[in-house]
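Peer 1: build me a model:
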Amino acid sequence: MTTYQATSRIAQLKDMSLHYHEAGPAEGPVVVMLHGGGPGASAWSNFGPNLAPFAAAGFRTLLVDQPCFGRSDKPEPDTDYFTFAARAVVALLDELGVAQAGFVGNSLGGGTATRLALDFPGRARRLLLMGPGGISVNLFAPDPTEGIKQLFAFNSAAEPTRAQMRDFLTTLAYDSSLVTDAFVEERYAQATDPEARLGAARMGAAFANPAWAERTMLWREAHRLTQPVLLTWGREDRVNPLDGALVALKTIPDARLHVFPHCGHWAQAEQFDAFNRLAIDFFSP
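Peer 2: Here you go, the predicted model:
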């Protein structure tokens, strides 16, 4: 079964514990999915429904709560967040005896996956980056984007509201009917948990530290990626708009781009079947 409880695991690493979900054959090729960084985000909220199709396709599939999110620990990063999270994911792979994996990275998770592939190139077989952070450069869209403004508004509020959560979630989707009252309530409860707010503050502080800023500018290092990279974007993405793909597509040596129409920042949800087919084909040996 691929329910939340049946797939939930905790790994105690040297410096922190990481929560993750696992399904699929133990000897299958490994795919790791890394979620985005919005309020209330977690591996399950991003990729829970995608776990079963990947497991059924023969992949040992890991959905990881990145540090400061979900049920993972919320430590203070001692370096930029992408590097900090990438090192934690590599430590998890070491703990699980996984030598190499394919990575799906959405938004913040795309930045983590890219940093991991740059710093530990032998551990990343292929990268599927979904509207990724760090490697996306908005050539035409203004910064901060609509979605980032709503994220900042929620995280900076002394008492964030459900309305602010709805405003943020609506920027993720092309079809706003996906942002149901139940979805808003679920994410709001997750995001306003005191531990979740502590994690968001610590992650935000890492990004705000000027001493670490250059390490987050992954587009400057994209030319060093040696893995096959599939960039995926929603044509109507209001968090990391489509023009953000152009520099990455130009500079990554082995890159290709797939654009989903009628789709926002969450292709894995809004284009569920098409995304799963595309990703499973890309990662298949």
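
Peer 1: let me see the ranges of the helices in the stretch 1-150 of the chain.
Peer 2: 4-7, 43-47, 51-56, 81-96, 108-119, 146-156 (DSSP state H, counting those that start in this stretch).

Peer 1: return the most buried member of those.
Peer 2: helix 108-119 (a mean of 27; mean count of other CB atoms under 10 Å). C-beta here means a position set from N, CA and C on the backbone, and glycine is covered the same way.

Peer 1: CA atoms only for that one, dumped as PDB, please.
Peer 2: Output in PDB follows, covering the C-alpha atoms of helix 108-119 (Å, rounded to 0.1, in the frame of the first residue of the first chain):
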ATOM      1  CA  LEU A 108      13.100  24.700  -3.800                       C
ATOM      2  CA  GLY A 109      13.700  21.000  -4.300                       C
ATOM      3  CA  GLY A 110      15.000  21.700  -7.800                       C
ATOM      4  CA  GLY A 111      17.700  23.900  -6.200                       C
ATOM      5  CA  THR A 112      18.600  21.200  -3.700                       C
ATOM      6  CA  ALA A 113      18.800  18.600  -6.500                       C
ATOM      7  CA  THR A 114      20.900  20.800  -8.700                       C
ATOM      8  CA  ARG A 115      23.300  21.600  -5.900                       C
ATOM      9  CA  LEU A 116      23.600  17.900  -5.000                       C
ATOM     10  CA  ALA A 117      24.300  17.100  -8.700                       C
ATOM     11  CA  LEU A 118      27.000  19.800  -8.800                       C
ATOM     12  CA  ASP A 119      28.700  18.900  -5.500                       C
END
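
Peer 1: got the angle between that helix and helix 81-96?
Peer 2: 70 degrees (axes from the mean of the first three to the mean of the last three CA atoms, to 10 degrees).

Peer 1: can you count the residues close to residue 176?
Peer 2: Neighbours of residue 176 under the rule other CB atoms under 10 Å: 13.

Peer 1: so it makes contact with residue 170?
Peer 2: Yes: between residue 176 and residue 170 there is a contact under CB atoms under 8 Å: 5.2 Å.

Peer 1: which residues do the two both contact?
Peer 2: When contacts are counted by CB atoms under 8 Å, 6 or more residues apart in numbering, the set common to residue 176 and residue 170 is empty.

Peer 1: which one, of the helices of the stretch 1-150 of the chain, ends up nearest to residue 223?
Peer 2: helix 108-119 (10.3 Å; CB to CB).

Peer 1: which stretches of this protein have low pLDDT?
Peer 2: Across the chain, nothing is flagged by pLDDT under 70.

Peer 1: now with 90?
Peer 2: 1, 285 (pLDDT under 90).

Peer 1: next up, the contacts around residue 65.
Peer 2: Going by CB under 8 Å, 6+ apart, the list of residues near residue 65 reads 18-20, 35, 42-43, 71-72.

Peer 1: next, count neighbours for residue 16.
Peer 2: 17.
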